[in-house]
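A.B. asks: Any chance you can model this:
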Amino acid sequence: MLTQVEKLALIKEFGKDEQDSGSTAVQIALLTKNMAVVQAHLGVHKKDFSTQRGLMQMVNDRKRLLIYLKKCDEASYSDVIKRLGIRK
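C.D. replies: Numbering: from 1, shown residues only. So this is what the prediction gives:
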């Protein structure tokens, strides 16, 4: 899991202000960083299937948010993709 300091840094980087934790770009950034932590955990614990299921759910949530962001704001979508290093 991400620490509070890491979350606040992501919110400050991707949000409009320090209180903007609900915008689509912030949610995508938080999911992406949290997925990296879970992937590292699964590298060590290969048979942790409940965590693997949670990772798949995070992937699907991020995918839906990316589709929504692309539909609403193409420029913000390309910016978020580039800054996070996500493939299209």
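
A.B. asks: for the biggest helix by length in the chain, which positions count as buried?
C.D. replies: If you go by DSSP state H, the chain has its longest helix at helix 49-72. For helix 49-72, a neighbour-count test (16 or more other CB atoms under 10 Å) marks 55, 58, 62, 65-66, 69 as buried. From N, CA and C alone the C-beta is placed, and that goes for glycine too.

A.B. asks: same check, this time on stretch 38-47
C.D. replies: So for stretch 38-47, counting by 16+ other CB under 10 Å, buried means 38, 42.

A.B. asks: And Met1, what's its pLDDT?
C.D. replies: Per-residue confidence (pLDDT) for Met1: 83.

A.B. asks: Find the nearest non-adjacent residue to it, please.
C.D. replies: Among residues not flanking Met1 along the chain, Val37 sits closest, at 6.6 Å (CB to CB, 6 or more residues apart in numbering).

A.B. asks: ok, now how distant is Leu42 from Gly85?
C.D. replies: Distance from Leu42 to Gly85, counting by CB to CB, to the nearest Å: 19 Å.
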